[in-house]
Every structure is written in structure tokens, then in C-alpha cells.
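Got a predicted structure plus its sequence, pasted below:
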2 protein chains.
Amino acid sequence: MPQLNVAVFCGSRHGANESYTHAAIALGEAIAHRQHTLVYGGGSVGLMGSLAHAVDDGGARVVGVIPGVLAPAERSGVTVGEQIVATSMNERKAAICQMSHCFIALPGGYGTLDELFEVLTNSQLDIDRKPIGILNIEGYYDGIIEWVRNAAKEAFVSPEHTELFVVDADPVALLDKLEAAIKGLPAAVLPEE
Amino acid sequence: MPQLNVAVFCGSRHGANESYTHAAIALGEAIAHRQHTLVYGGGSVGLMGSLAHAVDDGGARVVGVIPGVLAPAERSGVTVGEQIVATSMNERKAAICQMSHCFIALPGGYGTLDELFEVLTNSQLDIDRKPIGILNIEGYYDGIIEWVRNAAKEAFVSPEHTELFVVDADPVALLDKLEAAIKGLPAAVLPEE
Ligand SMILES: [Mg+2]
């Protein structure tokens, strides 16, 4: 597998359970071990910070894309890796999407869900068909997965579009699934070298 | 209550249960009866179409904002009210948000959730504090509401941010709640006349 740019969406908080931080670190270590690049929202606190430090400590590349408006909320003053400053929330999302081969959602709040549903919408519309993975730690995403199942049953989401994302509780297994999905994609879908 | 621009996010399908269409029509009738303006994604099929026709038939103003890319998927050739063409999905969302006093989510798919979580994210970050309502027909949004409850319990969403949206199964009661919330907002938050 060639080197990939892996976009990760996650919280700027740690959450109430240590297992969220452990999962963020384990994902960062796996990304570093495979010499992939992390592309993320650029924060240095919460799961964002734990993830970015794990990739950086593992000797792999970290690219953070942060809009000026979020500087106080997601930054501690410390930055990890390279930083790109976006002019708006939408420019940030567009830049992260454009430069990445796949997307992973770790636990997070409304912003993480906004990013997840934006890439799902783009994938469904064939605007951007890159693989999407949900790291479902402690059942954090059970409510969302249940909503998708019901939305398909109620005919607002096509059955085939319930398979636009893969789910796993294990970071390494999730990366394996995303790498397998990328192998099946036409080169035109992926970012240029 | 002065005339409001009410943004509605919803599916370009009807869904498997007639009650979704009945709710879309009831909401459209209530918007028209109060002489508000509907701002929406501009589609003429599915719940989008039922809603827009109900507002239009009731003699109130309809403004549809549609990006070129979606023309085949959400249009039947018939348009309802005024149409604004946006150059991208993000420009569409930004235009709808900017011109509206409040937001309502009716049942829909990934695109509807993308819009809902985008306005929740903007509200949470104080970028745009307009009231947000979920029309929860047949428990369609139970999975999402359950996710928010768990996200707060797991400390990824602040307790006060679980109150950034109101929920009701009745369109008239939901509009009442949103109008009451708008009365409490400073004028600077709302779009200009
Ligand atoms: Mg979004």
C-alpha cells in the first residue's frame, strides 16, 4: 500500500472515558507505523491533540488545517506538525477533503458529525467517492448507525448508500478496511501525488 | 410576530410512510398561514416538493436555492416560487443560512443531516445563533436525539449545547417554539429586512 493521506475527524475534548483517548493514540500509532500522513483539524487539545502527537511521535507527517475562527477553542498554543490556516469552516472542510485518500470519524461533537455527514453526502452524490470509516468506541456511534438503518427502512437513504461507510471498534482493523477499499478505487478519485 | 424566513431541510424523497408527506404539507400550510417565507433546497420532488407546493398554494413566498450539480436529482422540471442557483453545495448552504431567521429539519437523508449538524456547529461556535427545530415524525430522529444525549453524557457535547435545538412532532407547535426563541434574540443575529 502506498503512503496515504488519512483525514481524521474527532473531538477537541477527551470525553468521559479513557478508552476514547486510548483509541485516538492507537489510531495515531497505526497511521505512523504504516508511514501514512495524518490530515486533521489542527487542534492540539482533546482527542485531536492525542492523535496528532501519536502520529508525530511515531515519526510520520501531520498536516493540521485550522480556520482562524477556532484558534481559541481548539489550540493550546502548541502546534503539531505542519499547519495550514483556512479562512472559514467551509474552506477547512474542503481542504481536508481534497487532500485526503479516506476519512475516519473518532468520537466528537456536532462538528465531527457535520464533517461525517458532509463526506457521506458528497459520496452519495458521487462528488467525492473516498472511503469513510467510523471508529465506534464504546458504542459511541450506535445512535447514528441506528438512525442510518432506520433512514434506509423508511426510504430516505438507499440500501446501497448504507454501505458508504465501514465501522470497526479497532483502529488497525478499520485502517485495513479503508486500505482495501482504496485499492478498489479508480486513480482519478484520489488526490494527486 | 413579523414575517420570517424559515429555512427547511428535508428529503428529496417521500419516505415509506404517508405521515412524512402529511407533516411536510402541514408545515407548509402553517408557514403560509403565518405569511412567513419558505427558504429551502429548491427541489420539486419528495418532501421538498410537497412542502414548497403547500407554501405556494397557501399564497406565501417560496425561495429555492439549488446548486447546478443537483439539478437532475432533486428537480422534476417543475419549479416552485423563486429559484436561486448556487455554484456549489457549500454556497447553497451558506446562502440558505444567511437569509433565514430559523431552521427546521424534516425527515431526510445524509444531506439533511449534513445541513442540521452544520447549523448546530455554527450555533455552538456562536458563528450563527439562530433557532433550530427538529420535526420528529414517527420517531424518525430518535437515533440522532439519542446520540446527542449520549454525546453529552460522554462529555463531547456540553450540557447547554444539547439545548441548541427544539423538538416536536407537531409542525404548528414547532413553529410556535421557534417564534418564541426568535423573540428572545438580539436583532444583530437575524437577517436584515
Ligand atoms: Mg456540513
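The structure has been received and is ready for your questions.

alpha carbons only for contacts and neighbour counts from here, please
Will do.

By mean pLDDT, point me to the weakest helix or strand of chain A.
Ranking every helix and strand in chain A by mean pLDDT, DSSP states H and E puts helix A:71-74 at the bottom, with a mean of 57.

Run the contact check for stretch A:128-135 versus chain B.
No. For stretch A:128-135 and chain B, the contact criterion (Cα under 8 Å from any Cα of the partner chain) is not met; the two come no nearer than 12.4 Å.

pLDDT on that stretch, on average?
Predicted confidence along stretch A:128-135 averages 94 (mean pLDDT).

Next: stretch A:52-63.
Averaging the model's pLDDT scores along stretch A:52-63 yields 97.

Buried ones in it, by neighbour count?
Burial within stretch A:52-63, assessed by neighbour count using 16 or more other Cα atoms under 10 Å in any protein chain shown, is assigned to A:52-56, A:58, A:60-63.

now do stretch A:97-111
For stretch A:97-111, burial by neighbour count (16+ other Cα under 10 Å) applies to A:97, A:99-111.

is the ion contacted by it?
No. For a cut-off given as Cα under 5 Å from the ion, stretch A:97-111 has no contacts with the ion; the smallest distance is 8.3 Å.

before we move on, what about stretch A:80-91?
No. Stretch A:80-91 does not reach the ion (Cα under 5 Å from the ion); its nearest approach is 8.1 Å.

what about that stretch, distance to the chain center?
In this view, stretch A:80-91 has its centroid 15 Å away from the chain centroid, taken as Cα atoms, centre = their mean, to the nearest Å.

need the helices for chain A, in chain order.
Assigned by DSSP state H, chain A shows helices spanning A:18-33, A:46-57, A:71-74, A:89-99, A:110-124, A:142-153, A:171-183.

rank those helices by pLDDT, which is bottom?
When mean pLDDT is averaged over each of the helices of chain A, helix A:71-74 scores lowest at a mean of 57.

Contact residues of chain A facing chain B?
Counting by Cα under 8 Å from any Cα, the positions of chain A adjacent to chain B are A:11, A:13-17, A:90, A:107-111, A:113-118, A:120-121, A:140-147, A:150-151, A:153-157.

please redo it, this time with the cut-off set to 7 Å
If contact is defined as Cα under 7 Å from any Cα of the partner chain, the residues of chain A in contact with chain B are A:11, A:13, A:15-16, A:108-111, A:113-114, A:117-118, A:120-121, A:143-144, A:146-147, A:151, A:154-157.

Buried only: go through the residues you listed for me.
If you count burial by 16+ other Cα under 10 Å, the buried members of the residues of chain A next to chain B come out as A:11, A:13, A:15, A:108-111, A:113-114, A:117-118, A:120-121, A:143-144, A:147, A:151, A:154-157.

pretty sure A:Met48 is in contact with A:Val8, am I right?
No. Using Cα atoms under 7 Å, A:Met48 is not in contact with A:Val8; the gap is 8.6 Å.

Pull up the overlap in contacts between the two.
Counting by Cα atoms under 7 Å, 6 or more residues apart in numbering or on different chains, A:Met48 and A:Val8 have no common neighbour.

List the residues that contact the residue of chain A positioned farthest from its centre.
Relative to the centre of chain A, the most outlying C-alpha is that of A:Glu154, 27.8 Å out, by Cα atoms, centre = their mean. Remark: with contacts taken as Cα under 7 Å, 6+ apart, A:Glu154 is in contact with B:15-16.

Kindly state the pLDDT recorded for it?
A:Glu154 carries a pLDDT score of 98 in this model.

one step back: okay if I get the buried residues of stretch A:52-63 as CSV plus distance to the ion?
Converted to CSV, those look like this (distance: Cα to the ion, whole Å):
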residue, distance to the ion
A:Ala52, 23
A:His53, 27
A:Ala54, 27
A:Val55, 26
A:Asp56, 28
A:Gly58, 31
A:Ala60, 29
A:Arg61, 26
A:Val62, 23
A:Val63, 21
